[in-house]
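Colleague: Sequence first, then the predicted structure, then my questions.
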Amino acid sequence: MSALRAFARPMQHSRMRRALPFLLALVLLPASAHAQRGDASSPSLVPAFGVHYGTPMRFSVSAGGALDLADHGSEGVLALVEQGQHGNEISAGYYRMLGRFGSGFSLRAAVLRTGGEPWNANPHTTYVGAEAHLMVILGVGGRAGFMRRASSVSNGSHDSIVTLGISIGS
């Protein structure tokens with residue numbers, strides 16, 4: 001619930017309101033394309049979760065869902081909410097699994113709200129950008145992203161940040 005409260009304040013900003021329709025479109029467009037192809041199989045919703053360590057939130061956990069659009073669960077769209085030590089994030093995007101051993105990647109649009117002491121970012125600031133997540137084996141891998149500041153800040157000079165981290169899962 002605290003993650004929702006942390007995102008409620010930034011929603012007052014016009015930039016944040018403009019980012020949310022983009023995130024929704026990113027999730028819904030592949031599902032509508034799947035429906036138009038006339039596939040006999042229907043998409044299925046599966047849980048997605050992960051544990052991460054890196055900048056700017058330090059330690060964090062994520063939970064959400066993946067809409068599986070392929071017959072064998074190999075690709076689809078996913079949406080996640082992430083709670084970290086020094087920030088919260090909402091992300092949505094495309095994923096693809098490449099093998100049997102939990103290897104794959106995801107590309108996501110993300111909205112990040114930092115907390116009191118983030119690494120390499122302004123405190124209590126909203127950032128909007130994109131992240132790529134690579135899973136090498138059994139869901140273990142790393143992620144990197146680029147984000148731009150979307151809210152005003154009274155101190156600090158981080159207009160852009162690079163997110164880096166190691167992860168297990170989504």
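Modeller: Sure thing, it's come through.
Colleague: In contact with Gln85, which residues?
Modeller: Met57, Arg58, Phe59, Ser60, Gly115 (Cβ atoms under 8 Å, 6 or more residues apart in numbering). Where C-beta positions appear, they are placed from N, C-alpha and C, glycine not excepted.
Colleague: pretty sure the third one is in contact with Gly50, am I right?
Modeller: Spelled out, that is Phe59. No - at 11.8 Å, Phe59 does not count as touching Gly50 under the criterion of Cβ atoms under 8 Å.
Colleague: who has more neighbours, those two?
Modeller: Neighbour count, other Cβ atoms under 10 Å: between Phe59 and Gly50, Gly50 has more, with 20 against 13.
Colleague: Apart from its neighbours in sequence, what residue is nearest the more buried one?
Modeller: Spatial nearest neighbour of Gly50, excluding adjacent residues (Cβ to Cβ, 6 or more residues apart in numbering): Gly169 at 3.2 Å.
Colleague: I'd like to know how many residues surround that neighbour.
Modeller: Here the number of neighbours of Gly169 (other Cβ under 10 Å) works out to 19.
Colleague: next one: Gly116
Modeller: Gly116: 9 neighbours (other Cβ under 10 Å).
Colleague: and if you look at the one 4 residues further on?
Modeller: Counted with other Cβ under 10 Å, the burial measure for Asn120 works out to 12 neighbours.
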